[in-house]
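K.L.:
what follows is a predicted structure for the sequence shown.
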Protein chains: 2
Amino acid sequence: MARIAIDMDNVMADLTRQMIDLYEQKHGVRVAYESLNGHPDGGGFPIEGETHQFIHQPGFFRNLPVMEDSQEVIRALMEQHEVFIVSAATEFPLSLKEKIDWLAEHFPFISWKNIVLCGSKTIIEADYMIDDHDKNLRYFKGEPILFSAPHNINLTDYKRVNNWKEVAAYFQLTPAIAG
Amino acid sequence: MARIAIDMDNVMADLTRQMIDLYEQKHGVRVAYESLNGHPDGGGFPIEGETHQFIHQPGFFRNLPVMEDSQEVIRALMEQHEVFIVSAATEFPLSLKEKIDWLAEHFPFISWKNIVLCGSKTIIEADYMIDDHDKNLRYFKGEPILFSAPHNINLTDYKRVNNWKEVAAYFQLTPAIAG
C-alpha cells in the first residue's frame, strides 16, 4: 500500500474548462482549450489577467466541473492505497470551504481526515504525488506524476499522465477502469 | 535550519480558556482550568458534551485568545527555522476561513504558504512537531514535542513543554525570549 497525494485544481477539478466557460459567458468568445497550451496557468486568453478575477469570485471553486473518470479511478485507488487530497488553497481563503463542499458533493467517499488544504507542498510526505504544477513536484521526495494541463504541456521533467485512465493504467488498476 | 510544524488549537490559540469563558457565559459557572486535568479534550465540564456545541458555533475559532508568548517566540523561531502552522481543521469546514483570518490578525508575519489545514497529520514531514495531541505526535517521524493541555497532562511519552517560554528555551532562542 502506497500513499498517494492528489491535487485538486486541474487534476480532479477542471479549472481550465471553468475558465473557458466563464470567459465565454462574459466576453462571448469561446477560447479553444489547445490555444492555451504553453501559456502560464490561467494565461493565454485574449484579455490577460481576466482569469485571475474569476478565481476570486465566490462560487468559483464550488462549481468546478469534475475531471472525467476521476471519481471512479480515485475510488479504485483507495481500495489499494492510502489517498490524500492535497490542494494549495490557503492563498484563497474563500476557496477553503468551497473545496471541502465540492469534495463532499463529488467525492463523498473521501474522509475529512484525508484532505489537506495548504500553501507550499514541500511539507507533504507521500510515495506519489499527482499534480499539474512543477513547483509542487519539484521538491517532492516521492515519485512525481505530472497531470497534463495547458500550462505544463512543454514540461519534460516528469512521468506524465494525460487523463485519469492513464492514472489507472499507471497504478495497474483493473482493465475495466484503465480502459 | 530545521522545519518545525506547529499546531494551532491549545498551542497557539487558547481553546481551553475559550471553552471555560463560553461555559461561564452560558451557565454562570466558572470552571477551574486545573479541574479539567486528565479529562479528554473538551471534557471535565459539569454538563458533558456542552463544549462540543461551542466548537460548531460560528466565530468560535475566529475569536480564540492568543496563547501567551506565542507570537514573540514563533517570530523568533522563524528567524532561524522554517515554520509551518499545521492545524487539524477539515473536520470543521466553518473553522477553515476563521483560522486563516485569526492567523492573519494575530500572526500577520506568517505566509499563507506556510499554513496547512488538514485532517490526519500523518502526511506531514518535518523535523519537529509541537502539538497537544497524542494522535498527532504518535506517528510523527521527527522529534515530537508535547504542548501541555489539560487532556494530555498524564501523558509521559514525549518531551513536554508547558508554555512558549519553554519552547524558546528548547530551541535555544535568546535569553530575552526564553525568559
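P.N.:
Arrived safely, thanks for sending.

K.L.:
average pLDDT for the top strand by length along chain A, rounded please.
P.N.:
Counting by DSSP state E, the longest strand found in chain A is strand A:82-88. The pLDDT scores in strand A:82-88 average 98.

K.L.:
does chain B have contacts with that strand?
P.N.:
Yes. Residues of strand A:82-88 contacting chain B under CB under 8 Å from any CB of the partner chain: A:F84, A:V86. Placement of C-beta: from N, CA and C, glycine included.

K.L.:
hmm, who's touching that strand?
P.N.:
A:1-9, A:12, A:74, A:77, A:99, A:103, A:107, A:110, A:114-121, A:124, A:126, A:129, A:133, A:136, B:123 (CB atoms under 8 Å, 6 or more residues apart in numbering or on different chains).

K.L.:
can you do 7 Å?
P.N.:
A:1, A:3-9, A:74, A:77, A:99, A:103, A:110, A:114-119, A:121, A:124, A:126, B:123 (CB atoms under 7 Å, 6 or more residues apart in numbering or on different chains).

K.L.:
ditto for stretch A:89-101
P.N.:
Stretch A:89-101 is contacted from outside by A:8, A:55, A:58, A:61-62, A:87, A:115, A:117-119, B:90, B:93, B:96-97, B:100-101, B:112, B:115, B:117, using CB under 7 Å, 6+ apart.

K.L.:
ok, back up a step: C-terminal to the longest strand of chain A, what's the next element?
P.N.:
Next helix or strand after strand A:82-88 toward the C-terminus (DSSP states H and E): helix A:93-106.

K.L.:
same for the helix or strand containing A:E166, what does it pack against?
P.N.:
Using DSSP H and E, A:E166 maps to helix A:164-170. In terms of contacts (3 or more CB pairs under 7 Å, 6 or more residues apart in numbering or on different chains; DSSP states H and E), helix A:164-170 is packed against helix A:70-80, helix A:175-178.

K.L.:
CA atoms only: put that helix into CSV for me.
P.N.:
The C-alpha trace of helix A:164-170 is given here as CSV (Å, rounded to 0.1, in the frame of the first residue of the first chain):
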residue,chain,number,x,y,z
TRP,A,164,-7.4,9.5,-15.3
LYS,A,165,-7.5,6.4,-17.5
GLU,A,166,-3.7,6.8,-17.7
VAL,A,167,-3.5,7.2,-13.9
ALA,A,168,-5.5,3.9,-13.6
ALA,A,169,-3.1,2.2,-16.0
TYR,A,170,0.0,3.6,-14.2
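
K.L.:
which among the helices and strands packed on helix A:164-170 is found nearest to chain B?
P.N.:
helix A:70-80 (14.2 Å; CB to the nearest CB).

K.L.:
how about that closest one: buried residues?
P.N.:
For helix A:70-80, a neighbour-count test (16 or more other CB atoms under 10 Å in any protein chain shown) marks A:S70, A:Q71, A:E72, A:V73, A:I74, A:A76, A:L77, A:M78 as buried.

K.L.:
give me the distance between A:F54 and chain B.
P.N.:
Remark: distance between A:F54 and chain B (CB to the nearest CB, to the nearest Å) = 19 Å.

K.L.:
contacts only, for that residue.
P.N.:
Applying CB under 7 Å, 6+ apart to A:F54 gives the contacts A:M19, A:L22, A:F60.

K.L.:
in the residues you listed, which residue is surrounded by the most others?
P.N.:
Highest neighbour count within the contacts of A:F54: A:M19, with 24 neighbours (other CB atoms under 10 Å in any protein chain shown).
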